[in-house]
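**Student:** Show me how the following folds:
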Amino acid sequence: MKFSCLLICFFLAIHVIIPSQEIKIDSKMTFEQSIKGSKAPKEITDNLCLLDVTYYSTDKQLHRGQLVISKDLKQDVEQIFELILKNKFPIHHCIPIVKYNWSDSASMSDNNTSAFNYRTISGTDRLSNHALGRAIDINPKFNPVIENGQITPIGGSYKTNRPGTHHEKSALNIKFKELGWSWGGDYKSFKDYHHFDKRK
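**Tutor:** Sure thing, here's the model as predicted:
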């Protein structure tokens, strides 16, 4: 009897640890593929890594994607995606931005979650934290940029009660801040709700 109970507990534990449903693959690149064509200098790409992440997507199915991030933020991002998975916070998909020919606009329009992109801050000649792999944009269509009444990307909208959206008291926002990250939703002159970054 005791052995049977232990056996049942074992199989229950396996079921909890390993989801029974199939994981859909959104991205399966090598590191070299994930930075191909980037204009980033070697001293920057040498400090990057490719991280596989698992999440529930907007179809409520398990998906696996990838982020290119700074090596020293790997542990932070792993903790963030553990929370995303635990809370079933939906990520539409998560694909290195090379798929979009390094176009931030194209990635945002596809509601893609991404990190590294060697580019300047829009409207300036200053490098973005994305250029160092130190920023993440999560679900841009659900968490758009709002400036002077204009919403980017086109078709985006901000509804705090919608799954996959960030707001001041959301668990994801709180966790990012605990880890020392800043949120674009706190900007004063405009709002960049999808953006999180961590400066050196």
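**Student:** Asn148 against Phe190, yeah?
**Tutor:** Yes. At 7.5 Å, Asn148 and Phe190 qualify as touching, with contact defined as C-beta atoms under 8 Å. Quick note: C-beta positions are derived from backbone N, CA and C, even for glycine.
**Student:** between these two, who's got more neighbours?
**Tutor:** When neighbours are counted by other C-beta atoms under 10 Å, Asn148 and Phe190 differ, and Phe190 comes out ahead with 12 against 6.
**Student:** Distance check, the residue lying closest to the more buried one once chain neighbours are set aside against His166.
**Tutor:** In space, and not counting its chain neighbours, Phe190 is closest to Glu147: 3.7 Å by C-beta to C-beta, 6 or more residues apart in numbering. Taking C-beta to C-beta, to the nearest Å as the criterion, Glu147 is separated from His166 by 17 Å.
**Student:** Could you do His194 as well?
**Tutor:** With distances taken as C-beta to C-beta, His194 is found 7 Å from His166.
**Student:** which of Glu147 and His166 has more neighbours?
**Tutor:** Neighbour tally, Glu147 and His166, criterion other C-beta under 10 Å: the higher count belongs to His166, 24 against 14.
**Student:** The more buried one: which element?
**Tutor:** When elements are assigned from DSSP states H and E, His166 belongs to no helix and no strand.
**Student:** tell me the contacts of Gly133?
**Tutor:** Applying C-beta atoms under 8 Å, 6 or more residues apart in numbering to Gly133 gives the contacts 44, 47-48, 68-70, 73, 115-116.
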